[in-house]
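In: Quick check, what structure comes out for this input:
(one chain, ligands or ions: 1)
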Amino acid sequence: MDFSFTEEQLAVKRLAREFADREIRPYIARWDRERHFPQDLPRKMGEQGLLGVCLPRRYEGSGLDYVALALVCEEIEKAETAYREILSVHVALHALTLLQWGSEEQKRRFLPDLATGRRLAAFGLTEPDAGSDVAGLRTTARRDGGSYVLNGQKTWISYADRADVFLVFARTDPEAPRHEGISAFIVERGTPGFTTSTIEGKLGVWAGNTGSLHFADARVPVENRLGEEGEGFKIAMSALDNGRLTVAAGSVGLIEACLEASVAYARTRRAFGRPIGEFQLVQRMIAKMVRARDTSRWVTYYAAWLKNQGRRATREVALAKWHATTLAFESAVDAVQIHGAYGFSSDFPVERYMRNAKGAVIYEGTTEVQEVLQAEYALGLREDRPLRRELPAWPFAEDAGQGG
Ligand SMILES: Cc1cc2nc3c(=O)[nH]c(=O)nc-3n(C[C@H](O)[C@H](O)[C@H](O)COP(=O)(O)OP(=O)(O)OC[C@H]3O[C@@H](n4cnc5c(N)ncnc54)[C@H](O)[C@@H]3O)c2cc1C
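Out: Residues are numbered from 1 along each chain as shown. Now for the predicted structure:
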């Protein structure tokens, strides 16, 4: 067992921290309050190599591994959840899914722009009447000559109203069993019949965008179908194996942010003639945050390490997501508590942490969905079957011969 990081992993963690300190932290309280998303942020992240972190060099990525991706997510979410969400949807759910399932032509066409942040990508799975029950989705894609005609709606899609390119799941065979009649499509903004809108009144991630995708006879060329017809459900699940890792890693950063804010406050706030950090009931909340951070960190790094070996790790990733997100929310609730009434105000960041942390126990599979999944593995009700296309191990086969 080797618990040490490589030089490259530490360097990219430092880079992400410096980026967050320079480009996010000074502005985030105002952006959050004003519901402002800085449109040039993904491009800046791309220019720093933060969006290409887990993509092969031949597609303009940096060829770094899943541990590096986890470290970047941790540092970015420590500053703001909404911008870690960019890494989740753009890198993990979209770009890595293209890397796994795309044809060489598709990879060459789309990945360089994603690795460099020239285009922003999103992931469209959830529908108004189908969230946890993915196979219940109703958006249709009817084959018509050299294209598919999409009709339906997606909702709760991160960066719906900002992204340039979308991975969308739709039913191509209404007669097939629920899981088998779904296919995946790359849909570009500007496609006639395809529009997007923003959801107002969210509980959290105010500094990011969440919205809906609308398809009214939107024509998508056959070349934009990802994988084979009917493989959409498997593609969506494999995407979530990547996405959940980034959500878990981001939650580690959020716990760390809660801990730092709570320690600073507990040292200076006085009650009954003493700093509140000297009261053992306050110390208990801080101790729980330390436990949350460390256990979440290692279960997440382990899942990332498994993925580096080219192992599927569906169960381990789901465990990390469940563990880290539930403890991040608990930590944020405790951080607000430690701040007393001030925690209830936007003068301190902890109320934002609490609102943002609630989202992560819902998206990319709710807590209950992760629990069911663990129980099903334990009871022998679920097993991982080989996929036609597995996510490449790192170092990526694509980089072979290029020193990567
Ligand atoms: C901020 C935010 C960003 C998001 N971004 C995206 C995105 O980019 N792309 C995307 O496709 N989606 C996105 N989502 C949607 C998200 O993935 C779904 O909301 C989530 O999967 C849950 O689906 P639902 O909301 O329809 O809840 P439902 O599936 O209706 O669930 C409602 C409740 O029932 C419980 N439940 C459901 N089924 C079971 C079961 N079998 N056993 C036990 N309990 C169960 C759930 O746990 C939950 O508590 C986002 C959501 C949020 C809040």
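In: What residues of the longest helix belonging to the chain count as buried?
Out: Among the segments of the chain that qualify as a helix by DSSP state H, the longest is helix 232-268. Judged by neighbour count using 16 or more other Cβ atoms under 10 Å, the buried positions of helix 232-268 are 232-236, 238-259, 261-262, 265-266. C-beta: built from backbone N, CA, C; applies to glycine.
In: now stretch 33-49
Out: Applying 16+ other Cβ under 10 Å to stretch 33-49 flags Phe37, Leu41, Pro42, Arg43, Lys44, Met45, Gly46, Gln48, Gly49 as buried.
In: got a list of what the second one touches?
Out: Applying Cβ atoms under 8 Å, 6 or more residues apart in numbering to Leu41 gives the contacts Glu23, Ile24, Tyr83, Ile86.
In: can you check His90 too?
Out: Pro42, Leu51, Leu114, Leu120, Ala121, Ala122, Tyr159, Ala163.
In: and these as TSV, adding secondary structure?
Out: Formatted as TSV, these follow (DSSP: H, G, I helix; E, B strand; the rest coil):
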residue	secondary structure
Pro42	helix
Leu51	coil
Leu114	helix
Leu120	coil
Ala121	strand
Ala122	strand
Tyr159	coil
Ala163	coil
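In: now, among those residues, which is nearest to the ligand?
Out: Proximity of those to the ligand (Cβ to the nearest ligand atom) peaks at Ala122, which lies at 6.1 Å.
In: Could you tell me the model confidence score at Pro395?
Out: Pro395 carries a pLDDT score of 65 in this model.
In: do Gln402 as well
Out: As predicted, Gln402 sits at a pLDDT of 49.
In: Tell me the one among the contacts of His90 nearest to Ser346.
Out: The nearest member of the contacts of His90 to Ser346, counting by Cβ to Cβ, is Tyr159 at 23.8 Å.
In: pretty sure that closest one is touching Gly208, no?
Out: Yes - using Cβ atoms under 8 Å, Tyr159 is in contact with Gly208, at 7.0 Å.
In: which residues touch the closest residue to Leu387 other than its chain neighbours?
Out: In this structure, Leu387 finds its nearest non-sequential neighbour in Lys234, 6.0 Å apart by Cβ to Cβ, 6 or more residues apart in numbering. Taking Cβ under 8 Å, 6+ apart, we find Lys234 in contact with Gly227, Leu387, Arg388.
In: ranking these by neighbours, who comes first?
Out: Gly227 (22 neighbours; other Cβ atoms under 10 Å).
In: Give me the distance between the residue nearest to that residue when sequence neighbours are not counted and the ligand.
Out: Nearest residue to Gly227, sequence neighbours excluded (Cβ to Cβ, 6+ apart): Trp101, at 4.5 Å. Applying Cβ to the nearest ligand atom, to the nearest Å, the value for Trp101 to the ligand is 17 Å.
In: give me the element the residue lying closest to Arg382 once chain neighbours are set aside is part of.
Out: In space, and not counting its chain neighbours, Arg382 is closest to Glu376: 3.9 Å by Cβ to Cβ, 6+ apart. For Glu376, the host element (DSSP states H and E) is helix 367-378.
In: and the stretch 251-400 of the chain, which residues reach the ligand?
Out: Contact residues (Cβ under 6 Å from any ligand atom) of the stretch 251-400 of the chain with the ligand: Gly359, Ile362, Tyr363, Glu364, Thr366, Glu368, Val369, Val372.
In: again, 5 Å this time
Out: Residues of the stretch 251-400 of the chain lying near the ligand by Cβ under 5 Å from any ligand atom: Gly359, Ile362, Tyr363, Thr366, Glu368.
In: re the thing from before, surely the residue nearest to Arg382 meets Gln370?
Out: No - if you go by Cβ under 8 Å, Glu376 and Gln370 don't touch, sitting 10.8 Å apart.
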